[in-house]
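S.K.: structure for this input, please:
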Amino acid sequence: MTLRREAEKRKSSPLGTEMASLCKVSLKMVAPPIMKLDIDCFHEVFDYLCLDDIISIGHTCQRLQRIASRFIQQNFAAKRKTYVNDNIYMCWKPRQISIFSLFIEKISIFGDFPDSFLSINAVRFHLLNEIRLAQIELDSVKIECIKAILPQVEVIELDQCCFKQNFYGDFLKLCPKLHRLSVSRSSYDRDGGTIIGTDNEWMRQKYASLEHLELTDLYEFKGNELKHFFESNQNVHSFSTDAKSLLINRQSFLSCGGKIQRLAIDFHPKNIDSDAEPAFIVNLIYQLLTELYEKGFYRSLHLYITFFDRNNCLQKLFSMDSLEMIGGFVTLIENPLLNVKNLDINKGLDVTNLEEFPDKFPKLERIHFTEATANDILPFVRQSKSLKVMKIDLLVDGTHLEKGVLDLVALDKERSTLIRARKLMIYVNETVFLATKWATSDLNLKFIELRRGESFEFKHLNARHRFITSF
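M.R.: The predicted structure is shown next:
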């Protein structure tokens, strides 16, 4: 918590302020020597600066705007901490939008405010490829405001949105490059089984570029639209839903002739039946997932746990050979999970056997902590030889971390004792990264390399989990 307070109090660094002042020259003056530096030199300097400093430098002239923007694209691609302007959330402050609008790639709109869509209509977002809309009633006026950018959008997430028009003809048809579509709790005609829009006919269309579909909080399908969708869109290789929707539409999924690579499940037993014992619900899900796996509907399972397993009833799900990824509230693993490659541990957990975790995941390649101490990560550094990526959103206290500086030499030495260990990329929050960069300069050692946390996105198939852990 001390680091967090220090980060909030931190002002722009003297180097960033000095660079910005040096770059502000009138057109009548000769360019200062700093302007003779090439792009690589500027990027090397930017590596010592926080995002606000880099943006300030980008405000000074068009050349530095281009250089700063390119650096930001490369090193802050996964940044999700957002600023709000007219209920539009993005990783840019309102005063920065006019300068950097050409380089904004992701925006989110929360709440039904018409001005949000008017603001988007007034700004040119040339690189925008991801839109998330939440708690909005989409009508023809709002769609018209974003119509110009829909042809370039690749990711669309709709959460609790009401759409009273034809979802395909008036919306999806305008998105020819769509790769990922998520519709969560967005049904208008819930009693009729409609997911979104006036009907489910959009599921009978073919989407040439679509690779991932997420549908959550579903009611029972009345027809064969789910079966038709997967059989007509063989290019869709991953699907995400919640456990309740999976059970309600059991027969629809079992009758699907299509096949996908990855199935992601958001699981909380109380969302299925608040009166039933969690172990009973787990058994139902286990049986259905086993049936779907045996019939070849999916190859690998991503499981997102959204409750504390007080009764230790999840071990049956954890024993599935298809399990490849576990995320959320993971507190206890009894037996080794031989096929799990990705692990996401939520913050605030009372994990008493964390030192045993590396032995439970012999094939672990990537791990993500929303919050961890340096002591939490040490067992994985020392024991997980297949591990190649570790991301910690907030790293606080512990061994080898002093005054915000991570002792990379010590961590490298710890890793070097592990036979046939892969080199480990550690992604940390900006405070730790900059403190370590200024203290040690060299962040790339033989077995350990430190990088900005915002430069790597731990991708989740489940949209709700992605935004819970990212914002």
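S.K.: where does the stretch 201-350 of the chain dip in pLDDT?
M.R.: Regions of the stretch 201-350 of the chain meeting the criterion pLDDT under 70 cover residues 269-271, 274, 308, 310, 347-350.
S.K.: which residues of the stretch 1-150 of the chain fall in helices?
M.R.: With DSSP state H, counting those that start in this stretch as the criterion, the stretch 1-150 of the chain has helices at 2-9, 14-23, 39-46, 51-58, 62-75, 94-100, 114-122, 140-146.
S.K.: do the same with the stretch 251-400 of the chain
M.R.: 278-294, 315-318, 357-360, 374-383.
S.K.: tell me what the second one is packed against?
M.R.: Here helix 315-318 is seen to pack against helix 278-294 when contacts are counted using 3 or more C-beta pairs under 8 Å, 6 or more residues apart in numbering; DSSP states H and E. Any C-beta I mention is one placed from the backbone N, CA and C, and that applies to glycine too.
S.K.: again, but for the third one
M.R.: Under the contact definition 3+ C-beta pairs under 8 Å, 6+ apart, helix 357-360 sits against helix 374-383.
S.K.: to residue 336, which of the helices of the stretch 251-400 of the chain lies closest?
M.R.: When the helices of the stretch 251-400 of the chain are compared by C-beta to C-beta, helix 357-360 sits nearest residue 336, at 5.2 Å.
S.K.: quick one: residues in contact with that closest one.
M.R.: 333, 335, 336, 337, 343, 351, 364, 379, 380, 382, 383, 384 (C-beta atoms under 8 Å, 6 or more residues apart in numbering).
S.K.: try it again at 6 Å.
M.R.: 333, 336, 379, 380, 383, 384 (C-beta atoms under 6 Å, 6 or more residues apart in numbering).
S.K.: just give the nearest non-adjacent residue to residue 341, would you?
M.R.: residue 365 (4.6 Å; C-beta to C-beta, 6 or more residues apart in numbering).
S.K.: got it, and residue 322?
M.R.: Per C-beta to C-beta, 6+ apart, closest to residue 322 is residue 301, 4.5 Å.
S.K.: isn't that neighbour up against residue 321?
M.R.: No: between residue 301 and residue 321 there is no contact under C-beta atoms under 6 Å: 9.2 Å.
S.K.: of the two, who's got more company?
M.R.: Using other C-beta atoms under 10 Å as the criterion, residue 301 and residue 321 rank with residue 301 on top: 22 against 12.
S.K.: ok, and for stretch 115-134, which residues are buried?
M.R.: 116, 117, 119, 120, 123, 125, 128, 130, 131, 132, 133, 134 (16 or more other C-beta atoms under 10 Å).
S.K.: typo on my end, it should be stretch 224-239
M.R.: Of the residues in stretch 224-239, those buried (16+ other C-beta under 10 Å) are 225, 226, 227, 228, 229, 230, 233, 236, 237, 238, 239.
S.K.: what's next to that stretch, contact-wise?
M.R.: 200, 203-204, 206-207, 210-213, 252, 255-258, 260-263, 461.
S.K.: could you flag which of those residues are buried?
M.R.: For the contacts of stretch 224-239, buried by 16+ other C-beta under 10 Å: 200, 203, 207, 210-213, 252, 256, 258, 260, 262-263, 461.
S.K.: widest-spaced pair of those?
M.R.: Spatial extent of the buried ones among the contacts of stretch 224-239 (C-beta to C-beta) is set by the pair 200 and 262 at 23.3 Å.
S.K.: domain parsing for the protein?
M.R.: 2-75, 78-236, 255-340, 343-471 (automatic domain parsing).
S.K.: with distance to residue 248 as added columns, please give those domains in CSV.
M.R.: Supplementary listing: the domains of the chain in CSV, determined by distance: least, C-beta to C-beta, whole Å:
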stretch, distance to residue 248
domain 2-75, 42
domain 78-236, 5
domain 255-340, 9
domain 343-471, 18
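S.K.: so for residue 244, which of the ones you listed sits nearest?
M.R.: Distance to residue 244, taken as C-beta to C-beta, is lowest for domain 255-340 among the domains of the chain, at 4.6 Å.
S.K.: span of the closest one from start to end?
M.R.: 28 Å (C-alpha to C-alpha, to the nearest Å).
S.K.: now do the strands in the stretch 101-250 of the chain.
M.R.: Using DSSP state E, counting those that start in this stretch, the strands of the stretch 101-250 of the chain run over residues 106-110, 130-134, 137-138, 155-159, 162-163, 180-184, 212-216, 238-242.
S.K.: then the stretch 251-400 of the chain?
M.R.: Along the stretch 251-400 of the chain, the segments classed as strands by DSSP E, counting those that start in this stretch run 262-267, 300-305, 323-328, 342-345, 366-369, 372-373, 389-392, 395-396.
S.K.: between those strands, which gets nearest to residue 70?
M.R.: strand 389-392 (23.0 Å).
S.K.: which other helices and strands does the closest one contact?
M.R.: With contacts defined as 3 or more C-beta pairs under 6 Å, 6 or more residues apart in numbering; DSSP states H and E, strand 389-392 has these neighbours: strand 366-369, strand 424-428.
S.K.: mean pLDDT lowest for which of the ones you listed?
M.R.: Comparing mean pLDDT across the helices and strands packed on strand 389-392, the weakest is strand 366-369, with a mean of 92.
S.K.: tell me how far that strand is from the chain's mean position?
M.R.: Relative to its parent chain, strand 366-369 has a centroid offset of 12 Å by C-alpha atoms, centre = their mean, to the nearest Å.
S.K.: from residue 250, how far out is residue 128?
M.R.: 39 Å (C-beta to C-beta, to the nearest Å).
S.K.: and if you look at residue 120?
M.R.: Counting by C-beta to C-beta - residue 120 and residue 250 are separated by 40 Å.
S.K.: report the buried residues of stretch 443-452.
M.R.: For stretch 443-452, by 16+ other C-beta under 10 Å, it's 443, 445, 447, 448, 449, 450, 451, 452.
S.K.: and the strands of the stretch 251-400 of the chain as JSON lines, adding distance to residue 422?
M.R.: Below are the strands of the stretch 251-400 of the chain laid out as JSON lines (distance: least, C-beta to C-beta, whole Å):
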{"stretch": "strand 262-267", "distance to residue 422": "23"}
{"stretch": "strand 300-305", "distance to residue 422": "21"}
{"stretch": "strand 323-328", "distance to residue 422": "18"}
{"stretch": "strand 342-345", "distance to residue 422": "15"}
{"stretch": "strand 366-369", "distance to residue 422": "11"}
{"stretch": "strand 372-373", "distance to residue 422": "20"}
{"stretch": "strand 389-392", "distance to residue 422": "10"}
{"stretch": "strand 395-396", "distance to residue 422": "21"}
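S.K.: fine, thanks again, bye for now.
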